[in-house]
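Trainee: pasted the sequence and its predicted model underneath.
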Amino acid sequence: MAIATGDTIPEAKLTQATPEGPREVATADLFAGKTVVLFGVPGAFTPTCSAKHLPGFVQQAAALKAKGVDTIACMAVNDAFVMKAWGQDQGITDEVVMLADGSAAFTKALGLDMDLTARGMGVRCKRFALVAKDGKVSYLGIEEGGTFEASKAETVLEGL
Ligand code: BEZ
């Protein structure tokens, strides 16, 4: 079952590429005491994710932060090196934290996994965005059937 508004973000470990190498990021540390926007995508460098979803959050980063968001994070079932390269390709500096859920453990804990094996992509993350305040979900938008509305930056911004 997918996570819902009012639920607490599950504990898991994500990975962030840093100049010193891959760094473990515990979701407990990422979310505790902060207002966090987390969005998930089916894959780094994939068409909608690169053309619309990630750039939208970069464009709206200042507006989101002006409304009290401390951290904007992007996750995908990819490794940390791919997430870093995708961020660099998009010209991201520190607007959005690029996080890897390489084995899909957090994605599955959120109940947001989908099986794209038939498309040669294995288990991936559904396109979604959520807002969590001190680890509790206050907004959740999950895209089903190829839509791109509930999880886009402008929608998240309107809901804050
Ligand atoms: C997309 O860009 O929306 C996408 C790409 C590959 C698989 C699923 C979605």
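Mentor: Okay, I see it.

Trainee: quick one, what contacts Leu54?
Mentor: Contacts for Leu54 (Cβ atoms under 8 Å, 6 or more residues apart in numbering) come out as Val41, Cys74, Trp86, Gln90, Ile92, Val96. The way it works is simple: take the backbone N, C-alpha and C, and place the C-beta from them, glycine included.

Trainee: that one and Val96, how far apart?
Mentor: 7 Å (Cβ to Cβ, to the nearest Å).

Trainee: between the two, which contacts overlap?
Mentor: Residues touching both Leu54 and Val96 by Cβ under 8 Å, 6+ apart: Cys74.

Trainee: need the next SSE after the helix or strand bottoming out on mean pLDDT in the chain, C-terminal direction.
Mentor: Of all the helices and strands that make up the chain, helix 47-48 has the lowest average by mean pLDDT, DSSP states H and E, namely a mean of 94. Using DSSP states H and E, the next helix or strand after helix 47-48 towards the C-terminus is helix 54-59.

Trainee: average model confidence for that following helix?
Mentor: Taken as a whole, helix 54-59 carries a mean pLDDT of 98.

Trainee: mind saving the C-alpha coords of that helix as CSV?
Mentor: C-alpha atoms of helix 54-59 as CSV (Å, rounded to 0.1, in the frame of the first residue of the first chain):
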residue,chain,number,x,y,z
LEU,A,54,13.5,18.0,-12.4
PRO,A,55,13.8,21.4,-14.2
GLY,A,56,10.4,22.5,-12.8
PHE,A,57,11.7,22.0,-9.2
VAL,A,58,14.9,23.9,-10.1
GLN,A,59,12.9,26.8,-11.5
